[in-house]
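>>> Next input, structure requested:
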Amino acid sequence: MVGLVNYANEPYSVELRELSVPEIGEEDVLLEVQAVAVCGSDLHQYLGNQSWQVNHPVILGHEFAGSIAKLGNRVTEFKEGDRVVSETAALLPSDSPLIRQGLYNLEPKRLGFGYGVNGAMADFVKVPARCLHRVPGSLTFEDAALTEPCCVAYNAVCVNSRVRPGDTVAVIGPGPIGLLCAAMARLSGAGHLIVIGIPADAKRLEVAKGSGADTVLGAQGESVAEWIKNFGDGYGVDLVIDAAGVSASLKLALDIVRPAGQITKVGWGPQPLNFSLDPLVQKAVTLQGSYSHNWPVWEKVLSLLSSGKIDLSPVLNRVSPLSEWRETFGEMLSGAIVKGVLKP
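Residues are numbered from 1 along each chain as shown. From the prediction side, this is the model:
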């Protein structure tokens, strides 16, 4: 089979390689990959600037859907040919108290597809059966491949945040996760939805405006904090979702959140903060981190996707064969598209 391999930590150490079809264990399935979405983490590994450990060489790809080609001897809940999508926690320790609480997404020793073990940018991938969810017949494989980022957004907005109908919600960062967080905020009843970026995000801010944001800020380099001071009662927004990939965005979140409001941080930012957290104290703000997802979140999101309540058309802009991975990566890095899906 052919797979897209990240073979070293140096920039651009990614190439297509001929590989053996994976051998599966008794509780695994061999999944024939039908669609795999490109994530920002794939791009970071391509550029060699990721902030997590990668077990090189590794096949990229953790947002994927496919059909079951082969079953392990102890897999009874699925059959060959089933259309499925997979969670990301490929390897888990057997004795974790977090797993017993259903919080396997927070287990520090877990390994995920695409960095810890081989991912799905290949013809086939080995997947533990416990990771699988059935894909409803109304959902295409291409859309199903975006279940995982939708789950990240659902967990951040619908599980780890407090959104009441009529609340003013601001999303910082109009990348794929930010745009999907905005979609979840709309579903949760946000009264006024603001999406914030920078001039380089102009195209993605247009996408946000066209898909339901009431206000988009930052494309012209205007002062976001000043605009918020002149909005509504002037105290700020009820909830800020920080989906930007830089630490400095947290300062903006603290500037624009209202007293007793909430900030939920879902974007990674390894840089030092270099600013005071005193506003967090003075405003009595709730600061919440959100990471990954678990089984009930996946079931909720698949239901929303299959019913059409989540519209992926603004986010999913390119479907290409795996051989065009370089072009897809490049368009995502340049901002020409929000999200691309590859088909092995």
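
>>> what's near enough to touch residue 158?
184, 187-188, 300 (C-beta atoms under 8 Å, 6 or more residues apart in numbering). To be clear about C-beta, it is placed using only N, CA and C from the backbone, and glycine gets the same treatment.

>>> quick one, phi psi at it?
Main-chain dihedrals, residue 158, degrees, to the nearest 10: phi -90, psi -20.

>>> Use 531 as the first number for this chain going forward.
Got it, first residue is 531 now, which makes that one residue 688.

>>> Would you mind measuring from it to residue 560?
For residue 688, the distance to residue 560 equals 33 Å [C-beta to C-beta, to the nearest Å].

>>> Residue 712 too?
Using C-beta to C-beta, we find residue 712 at a distance of 37 Å from residue 560.

>>> now residue 692
For residue 692, the distance to residue 560 - C-beta to C-beta - is 42 Å.

>>> Low-confidence ranges, the chain, go.
Along the chain, no part satisfies pLDDT under 70.

>>> in it, which residue is closest to the centre?
Ranked by distance to the mean C-alpha position of the chain (C-alpha atoms, centre = their mean), the top residue is residue 679 at 3.1 Å.

>>> ok, it touching residue 567?
Yes - with contacts counted by C-beta atoms under 8 Å, residue 679 reaches residue 567, the gap being 7.1 Å.

>>> Just confirm residue 784 is within a strand.
No - with DSSP: H, G, I helix; E, B strand; the rest coil as the criterion, residue 784 is assigned helix and is not in a strand.

>>> so what's the residue lying closest to it once chain neighbours are set aside up against?
Among residues not flanking residue 784 along the chain, residue 809 sits closest, at 4.4 Å (C-beta to C-beta, 6 or more residues apart in numbering). Taking C-beta under 8 Å, 6+ apart, we find residue 809 in contact with 784-785, 815.

>>> can I assume residue 663 is in contact with residue 612?
No - assessed by C-beta under 8 Å, residue 663 is found out of contact with residue 612, at 10.4 Å.

>>> Give me the distance between residue 537 and residue 805.
Separation of residue 537 from residue 805 (C-beta to C-beta) stands at 38 Å.

>>> the strands in the stretch 581-730 of the chain, which residues?
588-589, 593-601, 613-616, 619-621, 641-642, 654-658, 662-664, 698-702, 722-726 (DSSP state E, counting those that start in this stretch).

>>> what number of residues lie near the residue nearest to residue 665 when sequence neighbours are not counted?
Spatial nearest neighbour of residue 665, excluding adjacent residues (C-beta to C-beta, 6+ apart): residue 613 at 4.2 Å. For residue 613, the neighbour count with other C-beta atoms under 10 Å is 17.

>>> Give me the neighbour count for residue 626.
16.

>>> Phi and psi next, for it.
Per-residue torsions, residue 626: phi -90, psi 130 (degrees, to the nearest 10).

>>> Correct me if wrong: it contacts residue 634.
Yes - between residue 626 and residue 634 there is a contact under C-beta under 8 Å: 7.2 Å.

>>> what about the residue sitting furthest away from the middle of the chain, distance to residue 779?
What lies farthest from the middle of the chain is residue 763; by C-alpha atoms, centre = their mean that is 33.1 Å. Per C-beta to C-beta, residue 763 is found 24 Å from residue 779.

>>> repeat for residue 785
Residue 785 is 10 Å from residue 779, where distance means C-beta to C-beta.

>>> Angles on the backbone of the residue nearest to residue 685 when sequence neighbours are not counted, please.
The shortest distance from residue 685 to any residue other than its chain neighbours is 4.6 Å, reached at residue 823 (C-beta to C-beta, 6+ apart). With angles defined as degrees, to the nearest 10, residue 823 sits at phi -180, psi 170.
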